[in-house]
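Asks: predicted model follows, preceded by the sequence.
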Amino acid sequence: MTAATPSDLDGAVPGESAEELYENAPCGYLSTLPDGTIVRLNGTFAGWTGMARQDLLDRCRFQDLLTMPGRIYYETHWDPLLRMQGYISEIAFELSPRNGASPVPILVSAMQKRDEKGVPLLNRITVFNATDRRGYERELLLERRRAERADRAKAELLAMIGHDMRSPLSAIATAVDLLDRTPSPEQQARYLRALRSSSMTLLGLANQILEYSRLEAGQASVEDAPFDAGAVVADTADAISGQAEKKGLVLRVDVAPDVPRILLGDARKIQQVLTNLGGNAVKFTSHGSVTLALRVMESDAESVRLEFSVVDTGIGIAGDRLDAVFDEFTQADDHIGKTYGGTGLGLTISRRVADLLGGTLSVESELGKGSTFRFQLRLRRG
Amino acid sequence: MNALARNNVHITGRGTQPIMFSHGFGCDQNMWRLVAPAFESTHRVVLFDHVGAGGSDASQYSKAKYSTLQGYVDDVLEICREAELSDVIFVGHSVSAMIGVLAAIQEPARFAKLVLVGPSPRYLDDEGYLGGFKRGDIEGLLDSLDANYLGWSTTMAPVIMGNPERPELGKELANSFCRTDPEIARNFARVTFLSDNRKDLPRLRTPSLILQCSSDVIAPLAVGDYLQRNLANSKLVVMKATGHCPNLSAPEETVAAVKAFV
């Protein structure tokens, strides 16, 4: 390569000319009358429109080449702004090609040429093809909306946690106060029970929050040890039997006989999911039954696919809310939190744990009739 | 809150009869800079910004209040009361034309005449009605606002404001369009383009002038005809000017048409 001589810099570059640059530049150039009528354009821009040059020149306005949303924007923002300030930069439009091709995202800047009295003569417009950039911007925009939603959800969670902590804490404060004043052993025993129950509620809440943040931070690990799946179901039933009995519910356990006795997996995490599902079933059912079942879906020499299910006869979930119950911090209905308490974290955690174990968590429900939660996962034989 | 401050009201002119200019979606009172001065010697010229636009007090924006045109109508009537305006000639561009129609229906005694520049009672097509747009067009516009306000708020404003050689250019943008909160712009776009005021038209008694541009994609000729048929005591003038903003693209023709009417 040889160094440029002064004459080269003046314009005489072999193989390059201002006309050729204008015509074939990697961006579109056009000049229009102030009303948008195209009076000059380069080949690059003509190519993007899919129209012949003679059909564009003096016959077509720049705004006529835009998609309808862009035309509205052109009339309400672009045109007034260009007329008022004489230039406009980096406006996103889409060209609507006449040959049926899909719209071309473009980024457009313009300057207005005016006479000495300030009367507009021409608009000079530069057009960049922004196909890749627009896709990226859309992703950013979606990401931003998602982040804003998550931020709002976290603020709501904080409010809910505060609310959920206040009741047991004030119960504890009151119980301690009363304990201090009463000499009666029966009374003392009653207050101690209240203290124990409120402390357990708080402990449960703290565990949930910790568990959630561990999952959120990707710090949770999975065990792979021999365990008895049927026993896990029975243990879960034991854990929720007290509450079920208090509400007068029938609690059933139904483990299919072909479930292998020894499988490899994370018994603690499976039980965590089941306890959450079982606890919810009891919480949202005022009469009838809760059934914990386990059956084999598929089986081969190496592994089995199991389905744990929790069936209740409770309040149920409306069809349009079914998908949302596993979302972060949502309950099926705003008033559910107020009536039944809870942060809505339980199902979110359960879904995450199910994912972590390579399983799936799904729900079927009918409003007023009850819900069935199914937790399926594949486990190796022990 | 004082409506005159909230809506950045400017009152000039040496006449007594008020002529009130109301801007449309996407703009602020600067839209009238080539038209309003022509009335200063004969009228009391009232300019203002809708809340969320230009120099208005955006902190007064409430999604509930401005979720229908009524919020904007209330503001117009409040300005009239505070500035003690009566016998008002109301000149409304684009969506502000319908704001003026609704205001004059609610307080007919306050308004003498209405000038409706590029008006439309409904932008979406409907059975037996051609508004010019489909719902998808409006959804697309909202995306387009997102794409463009992003650029304006984060990169364009500082670049222009930090350009000391061209302060006169930066000022316009910084003072008007950039001040529009993107969220407000989206809501205003929704309120504007999804409104349907066709049922209100027969209730207007105030004489009106419909100024229609030839070849205006926002308000096609069929819409001007529809308005003229449904507004009692109205006159339709189709201007030579094209586009949606004759107040900027053809100020002389606009001024002449308004003067002939008032």
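Replies: Thanks, I have the structure now.

Asks: only C-alpha atoms from now on, for both contacts and neighbour counts.
Replies: OK.

Asks: for chain B, longest helix please?
Replies: Counting residues, the longest helix found in chain B (DSSP state H) is helix B:135-151.

Asks: and that one, what's buried?
Replies: By 16 or more other CA atoms under 10 Å in any protein chain shown, the buried positions in helix B:135-151 come out as B:137-149, B:151.

Asks: ok, and which of those residues reach chain A?
Replies: Checking these against chain A by CA under 8 Å from any CA of the partner chain, the ones in range are B:Asp137, B:Ile138, B:Glu139, B:Gly140, B:Leu141, B:Ser144, B:Leu145, B:Ala147, B:Asn148, B:Gly151.

Asks: want to throw those into TSV with pLDDT?
Replies: As requested, these are exported to TSV (pLDDT from 0 to 100):
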residue	pLDDT
B:Asp137	91
B:Ile138	90
B:Glu139	88
B:Gly140	87
B:Leu141	87
B:Ser144	81
B:Leu145	82
B:Ala147	76
B:Asn148	78
B:Gly151	47
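
Asks: the residue in chain A positioned nearest to chain B: how many residues sit nearby?
Replies: With CA to the nearest CA, the shortest gap between chain A and chain B falls at A:Pro69, namely 4.4 Å. For A:Pro69, the count of nearby residues is 21 (other CA atoms under 10 Å in any protein chain shown).

Asks: wait, what's in contact with it?
Replies: B:Asp137, B:Ile138, B:Glu139, B:Gly140, B:Leu141, B:Ser144 (CA atoms under 8 Å, 6 or more residues apart in numbering or on different chains).

Asks: how about 10 Å then?
Replies: Neighbouring residues of A:Pro69 by CA atoms under 10 Å, 6 or more residues apart in numbering or on different chains: A:93-94, B:133, B:136-145.

Asks: out of these, which is nearest to B:Gly55?
Replies: B:Leu145 (19.8 Å; CA to CA).

Asks: tell me the contacts of the closest one?
Replies: Neighbour list for B:Leu145: A:69-70, A:73, A:77, A:91-92, B:139, B:151, B:182-183, B:185-186, B:189 [criterion: CA under 10 Å, 6+ apart].

Asks: how about 8 Å then?
Replies: By CA under 8 Å, 6+ apart, the residues touching B:Leu145 are A:Tyr73, B:Pro182, B:Ala185, B:Arg186.

Asks: okay if I get those residues as CSV plus distance to B:Asp196, pLDDT and neighbour count?
Replies: Formatted as CSV, the contacts of B:Leu145 follow (distance: CA to CA, whole Å; pLDDT from 0 to 100; neighbours: other CA atoms under 10 Å in any protein chain shown):
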residue, distance to B:Asp196, pLDDT, neighbour count
A:Tyr73, 20, 90, 24
B:Pro182, 23, 75, 19
B:Ala185, 19, 85, 20
B:Arg186, 18, 87, 20
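
Asks: pretty sure A:Val108 is touching A:Phe93, no?
Replies: Yes. If you go by CA atoms under 8 Å, A:Val108 and A:Phe93 touch, sitting 7.3 Å apart.

Asks: which one's more surrounded, the two?
Replies: The residue with more neighbours, out of A:Val108 and A:Phe93, is A:Phe93; 27 against 21, by other CA under 10 Å.

Asks: show me what that one is bridged to.
Replies: Judged by DSSP bridges, the bridge partners of A:Phe93 are A:Ile106.

Asks: so it touches B:Asp143, yeah?
Replies: No. Under the criterion of CA under 8 Å, A:Phe93 makes no contact with B:Asp143, lying 10.4 Å away.

Asks: just give me the closest of the ones next to chain A among the buried residues of helix B:135-151 to B:Asn230.
Replies: B:Ile138 (25.2 Å).

Asks: so what's that closest one up against?
Replies: If you count contacts by CA under 8 Å, 6+ apart, then B:Ile138 has A:Pro69, B:Arg190, B:Phe193 around it.

Asks: same check on A:Leu179?
Replies: By CA under 8 Å, 6+ apart, the contact set of A:Leu179 is A:Gln187, A:Gln188, A:Tyr191, A:Leu192.

Asks: among the residues you listed, which one has the most neighbours?
Replies: For those, the largest number of neighbours (other CA under 10 Å) sits with A:Tyr191, at 21 neighbours.

Asks: so what's the residue count around the residue nearest to that residue when sequence neighbours are not counted?
Replies: Spatial nearest neighbour of A:Tyr191, chain neighbours left out: A:Ala175 (5.3 Å); criterion: CA to CA, 6 or more residues apart in numbering or on different chains. Counted with other CA under 10 Å, the neighbours of A:Ala175 add up to 20.

Asks: quick one: mean pLDDT for stretch B:101-116?
Replies: Across stretch B:101-116, pLDDT averages out at 97.

Asks: show me what that stretch is in contact with.
Replies: Identification of contacts with stretch B:101-116 by CA under 8 Å, 6+ apart yields B:70, B:73-74, B:76-77, B:85-94, B:97-98, B:100, B:200-201, B:203-211, B:258, B:262.

Asks: next one: B:Ile105 from chain A, what distance?
Replies: Note on B:Ile105: its distance to chain A, by CA to the nearest CA, to the nearest Å, is 27 Å.

Asks: so which helix or strand takes in that residue?
Replies: Under the criterion of DSSP states H and E, B:Ile105 resides in helix B:95-106.

Asks: only alpha carbons, please: show that helix as PDB.
Replies: Output in PDB follows, covering the C-alpha atoms of helix B:95-106 (Å, rounded to 0.1, in the frame of the first residue of the first chain):
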ATOM      1  CA  VAL B  95     -56.600  15.400  19.100                       C
ATOM      2  CA  SER B  96     -57.100  18.800  20.600                       C
ATOM      3  CA  ALA B  97     -59.900  19.500  18.100                       C
ATOM      4  CA  MET B  98     -62.000  16.800  19.900                       C
ATOM      5  CA  ILE B  99     -60.900  18.200  23.200                       C
ATOM      6  CA  GLY B 100     -62.300  21.600  22.100                       C
ATOM      7  CA  VAL B 101     -65.500  20.000  20.900                       C
ATOM      8  CA  LEU B 102     -66.100  18.300  24.200                       C
ATOM      9  CA  ALA B 103     -65.200  21.500  26.200                       C
ATOM     10  CA  ALA B 104     -67.700  23.500  24.100                       C
ATOM     11  CA  ILE B 105     -70.400  20.900  24.600                       C
ATOM     12  CA  GLN B 106     -69.800  21.100  28.400                       C
END
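
Asks: off-centre distance for it?
Replies: Relative to its parent chain, helix B:95-106 has a centroid offset of 10 Å by CA atoms, centre = their mean, to the nearest Å.

Asks: ranges for the helices of the chain?
Replies: Defaulting to chain A. Counting by DSSP H, chain A has these helices, from start to end: A:6-9, A:18-24, A:43-49, A:53-56, A:68-73, A:79-85, A:131-181, A:185-216, A:229-246, A:267-283, A:334-340, A:345-356.

Asks: sorry, I should have been clearer: chain B.
Replies: Under DSSP H, chain B gives helices at B:3-6, B:69-82, B:95-106, B:135-151, B:157-161, B:167-175, B:182-193, B:221-230, B:246-249, B:251-261.
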